[in-house]
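Visitor: what follows is a protein structure lacking sequence information:
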């Protein structure tokens, strides 16, 4: 059985922590964006070309709920899944899982992100349908 999520692997670095050694909360949001970017690169490269034209993916809402602390050199799996696919918006869910050396896993946080698809020049963008290539690429990851 294949996973119902797209996985981005990340090792926490010192620059992502504070003086106490805990990860800054803003990095969880950065990792959501990075996971989404890697998804596009690996699963929907046609959408990347569209982004260089006039497609824009506007993040409307982002959140993250924390369950456990992580520190420098923790190995993480950021797992993205499709929560909802609308006509012009996509709702992603993210699980942040610490991967332990012995093969164990710990859910350390859970987040979400709502994105709107827009087209047009920056001064006059308008909502547009989710590109078919993106919808196809997301289908295997529906929650």
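Guide: Okay, I see it. Computed from a prediction, not measured in an experiment: that's the story for all the values here. Numbering: from 1, shown residues only.
Visitor: need the pLDDT of the nearest residue to residue 27 once chain neighbours are set aside.
Guide: By the measure of C-beta to C-beta, 6 or more residues apart in numbering, the closest residue to residue 27 outside its immediate chain neighbours is residue 16, 4.6 Å from it. Using the backbone N, CA and C atoms, a C-beta is placed for each residue, glycine as well. Per-residue confidence at residue 16 stands at 93 (pLDDT).
Visitor: can you pull the phi/psi pair for residue 16?
Guide: Note on residue 16: backbone dihedrals following degrees, to the nearest 10 are phi -100, psi 10.
Visitor: isn't it up against residue 29?
Guide: No - between residue 16 and residue 29 there is no contact under C-beta atoms under 8 Å: 11.8 Å.
Visitor: so between those two, which is more surrounded?
Guide: residue 16 (20 against 17; other C-beta atoms under 10 Å).
Visitor: hmm, who's touching stretch 24-31?
Guide: With contact meaning C-beta atoms under 8 Å, 6 or more residues apart in numbering, stretch 24-31 is reached by 8, 10, 12, 16-18, 62, 64, 66, 76, 78, 94, 96, 109, 111.
Visitor: just the helices in this protein please.
Guide: For the chain, the helices defined by DSSP state H cover 25-43, 45-53, 132-138.
Visitor: what residues of the first one count as buried?
Guide: By neighbour count on 16 or more other C-beta atoms under 10 Å, the buried set for helix 25-43 is 27, 28, 29, 31, 32, 35, 36, 38, 39, 40, 43.
Visitor: could you give the angle of it to helix 45-53?
Guide: If you take axes from the mean of the first three to the mean of the last three C-alpha atoms, to 10 degrees, helix 25-43 sits at 110 degrees to helix 45-53.
Visitor: and helix 25-43, how far out from the chain's middle?
Guide: With C-alpha atoms, centre = their mean, to the nearest Å as the basis, helix 25-43 stands 4 Å off its chain's centre.
Visitor: repeat that for stretch 100-114.
Guide: Distance, stretch centre to chain centre, for stretch 100-114: 13 Å (C-alpha atoms, centre = their mean).
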